[in-house]
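Chemist: coords please:
(one chain, ligands or ions: 1)
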Amino acid sequence: MTELVLEFEGLRCGYADTEILHGVSGSLKQGQTLGLFGRNGVGKTTLCRALTGALPLLSGEIKLGGQPLDRQPAFARRRKGISYMPQTGMVFDNLSVRENLSLARSDLQVAPYFERFPRLAERLDQLAGSMSGGERKILSFVRVMLEESVVAILDEPSEGVQPENIENMQQCMLEKQKLGCSFILVEQNVNMLMTASDALLGLDSGRTVYEADGPNFDRDEIVSVLTV
Ligand SMILES: Nc1ncnc2c1ncn2[C@@H]1O[C@H](COP(=O)(O)OP(=O)(O)OP(=O)(O)O)[C@@H](O)[C@H]1O
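Modeler: I've put the predicted structure just below:
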């Protein structure tokens, strides 16, 4: 049986006096991808931020490899192998592509990613802030791929990215999965969600409304959660 790498139970959290997540639970197996989806504003990014430690919990538990994680600060979670590609603010605009990539601090090699995304290689000395939205997403994605992660959380990586590069992103994820990395993938693109995920978690208004194990997901059910 595949080992559970990340477990979260009854997560409640929010901003100031507003509770956004009302007790969300889920789990992630080693080398697998949990697809997280739902309409705008239902709490997907909030869940990501709760898992990374950017947002404190009101209650609930998070475990990584069976060990409690929820009292650990964000930097300690990063050291334990939780990586995060945020939906926005994902690259340092005033640094070049080369400098952004060098921040990944790992021994993993960047060359295979330049083969998949040659425009990055062509723009190594360009400031990240002068790249297009899609190019910046790719840069942010590659930066996370270069981290030595146990769990990589990707918040809408395909937004604004052309289909050919979405396919390349999925190939990169598969390669890291083979090395044991697990992913939480926030995605509105139903095709990517269905093909990249081993299990799915659908949210609405801060609550779980859909859970399924793959590989055969029901597209109509997914679309209905996205269009409630
Ligand atoms: N920093 C913040 N302060 C106050 N409220 C916030 C903050 N960030 C998010 N929210 C609110 O929390 C709710 C959930 O937001 P969240 O970003 O988690 O949704 P989401 O499902 O990721 O949406 P999207 O698909 O649009 O990215 C929204 O109502 C949002 O307005």
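Chemist: who in this protein is up against the ligand?
Modeler: 15, 20, 38, 40-46, 87 (CB under 6 Å from any ligand atom). C-beta: built from backbone N, CA, C; applies to glycine.
Chemist: how about the residues you listed, which pair is most distant?
Modeler: Put simply, by CB to CB the two of these set farthest apart are Tyr15 and Gly38, 17.5 Å from each other.
Chemist: got a quick PyMOL command for the buried subset of the residues of the chain next to the ligand?
Modeler: Of the residues of the chain next to the ligand, the buried ones can be selected in PyMOL as follows, counting by 16 or more other CB atoms under 10 Å:
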select buried, resi 20+38+42+43+44+45+46+87
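Chemist: pLDDT weak spots in the protein?
Modeler: Scanning the chain for pLDDT under 70 picks out 1, 105-107, 228.
Chemist: biggest helix in the chain by residues?
Modeler: With secondary structure taken from DSSP state H, the chain has its longest helix at helix 163-178.
Chemist: in the chain, which spans are strands?
Modeler: Counting by DSSP state E, the segments of the chain that form strands are 4-15, 18-29, 33-37, 59-64, 67-68, 82-85, 151-155, 182-186, 199-204, 207-213.
Chemist: would you list those in TSV and tack on distance to Phe141?
Modeler: Output for these, formatted as TSV (distance: least, CB to CB, whole Å):
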stretch	distance to Phe141
strand 4-15	20
strand 18-29	19
strand 33-37	14
strand 59-64	22
strand 67-68	28
strand 82-85	6
strand 151-155	7
strand 182-186	11
strand 199-204	21
strand 207-213	25
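Chemist: out of the ones you listed, nearest to Met169?
Modeler: Proximity to Met169 (CB to CB) singles out strand 151-155 among the strands of the chain, at 8.5 Å.
Chemist: put the alpha carbons of that closest one into CSV.
Modeler: Extracted in CSV, the C-alpha atoms of strand 151-155 (Å, rounded to 0.1, in the frame of the first residue of the first chain):
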residue,chain,number,x,y,z
VAL,A,151,5.3,17.8,-1.1
ALA,A,152,5.1,20.6,-3.7
ILE,A,153,2.0,22.7,-3.6
LEU,A,154,1.2,24.3,-7.0
ASP,A,155,-1.5,27.0,-6.9
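Chemist: could we number from 809 for the rest of this?
Modeler: Yep, numbering from 809; the last one is strand 959-963 now.
Chemist: can you list the strands that that strand pairs with?
Modeler: When sheet partners are counted by DSSP bridges, strand 959-963 sits next to strand 890-893 (parallel), strand 990-994 (parallel).
Chemist: return the most buried member of those strands.
Modeler: Across the strands paired with strand 959-963, averaging neighbours per residue (mean count of other CB atoms under 10 Å) puts strand 990-994 on top, at a mean of 25.
Chemist: got the contact list for that one?
Modeler: When contacts are defined by CB atoms under 8 Å, 6 or more residues apart in numbering, strand 990-994 is touched by residues 813-814, 836-845, 852-853, 856, 859, 895, 958-965, 981, 984-985, 1000-1001, 1004-1005.
Chemist: what about the spatially most central residue of the chain, distance to Asp825?
Modeler: In the chain, the residue lying closest to the centroid (CA atoms, centre = their mean) is Leu962, at 1.8 Å. Separation of Leu962 from Asp825 (CB to CB, to the nearest Å) stands at 30 Å.
Chemist: what sits against Arg1027?
Modeler: 998, 1002.
Chemist: that's all I had, so thanks and see you.
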